[in-house]
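Novice: How does the following fold in three dimensions:
(one chain, ligands or ions: 1)
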Amino acid sequence: MRDTDEPPLGYSVDEVSENVRRVVATALDLGVDDVPIDASLFELGAESLDLLDIAFMLEKDYRIQYPGTGMLERAGQYFDRDALTSNGVVTDLGLQLLRVGMPELDPGALKPGLKDIDVARMVQVGSFVRITVRLLQAKAEHPRTCETCGGVLVESDVMPEFECAGCGDIVPVPSGDDVLLADLIRMHEGVREGR
Ligand SMILES: [Zn+2]
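Specialist: Numbering: from 1, shown residues only. I've put the predicted structure just below:
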């Protein structure tokens, strides 16, 4: 059940956007003005290690746990792999999920024949903003009552976790993989119902 009042994230989306641009600029040795929100990381010259670096810096800044895998790989944990990509080409279902799951992408680029390797190259600065905001939201919505003693869970200032003020139990923040996979499953239900 969801509270009627949305819990505050602690940051506005604009603040997160500005910070993500700064982090990407730092990781890639660029000026912030050279990092528009809709630029693809690949076009900015980022390599896989840079993406990990960016995710790591954002995890530290916001005490969240970034997902470890790309959207299609993550989906592969739930769907039959062949349902999403076949011989390296994204299927119709894969395209539909990308359209709802990565709304920052140009829908015109998500067309039949798209290769899965190209999807990784489409990840944008704004993709990191979307994921960061989503994980902040999941953290804000996390129950604050300790399951062991009923005490209050307090968010850590330094680690991606809560600590119980009563018994000292440590509870990790929701993992990015879990949160985004659950979202994906919901999106899939939506895509099916929309047919
Ligand atoms: Zn406790």
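
Novice: which residues in the chain form helices?
Specialist: 13-28, 48-62, 71-76, 81-84, 92-101, 116-122, 125-141, 176-193 (DSSP state H).

Novice: what does the chain put close to the ion?
Specialist: C146, T148, C149, G151, C164, G166, C167, D169 (Cβ under 5 Å from the ion). Just so you know, the C-beta spots here come from the backbone N, C-alpha and C atoms, and that holds for glycine as well.

Novice: among those residues, which ones are buried?
Specialist: C146, G151, C164, D169 (16 or more other Cβ atoms under 10 Å).

Novice: Among these, which lie within strands?
Specialist: Using DSSP state E, the subset of these located in strands is C164.

Novice: who does the lowest-mean-pLDDT helix or strand in the chain touch, helix- and strand-wise?
Specialist: Here the helix or strand of the chain ranked lowest by mean pLDDT, DSSP states H and E is helix 71-76, holding a mean of 74. For helix 71-76, the elements it packs on are helix 81-84, helix 92-101, helix 116-122, helix 176-193, judged by 3 or more Cβ pairs under 8 Å, 6 or more residues apart in numbering; DSSP states H and E.

Novice: Need the contact partners of it.
Specialist: 67, 84-85, 90, 94, 97-98, 101-102, 116, 119, 177, 180-181, 184 (Cβ atoms under 8 Å, 6 or more residues apart in numbering).

Novice: check contacts around the closest residue to F128 other than its chain neighbours.
Specialist: With sequence-adjacent residues excluded and distances taken as Cβ to Cβ, 6 or more residues apart in numbering, F128 is closest to V20, at 4.9 Å. When contacts are counted by Cβ under 8 Å, 6+ apart, V20 is found next to L58, V125, F128, V129, T132.
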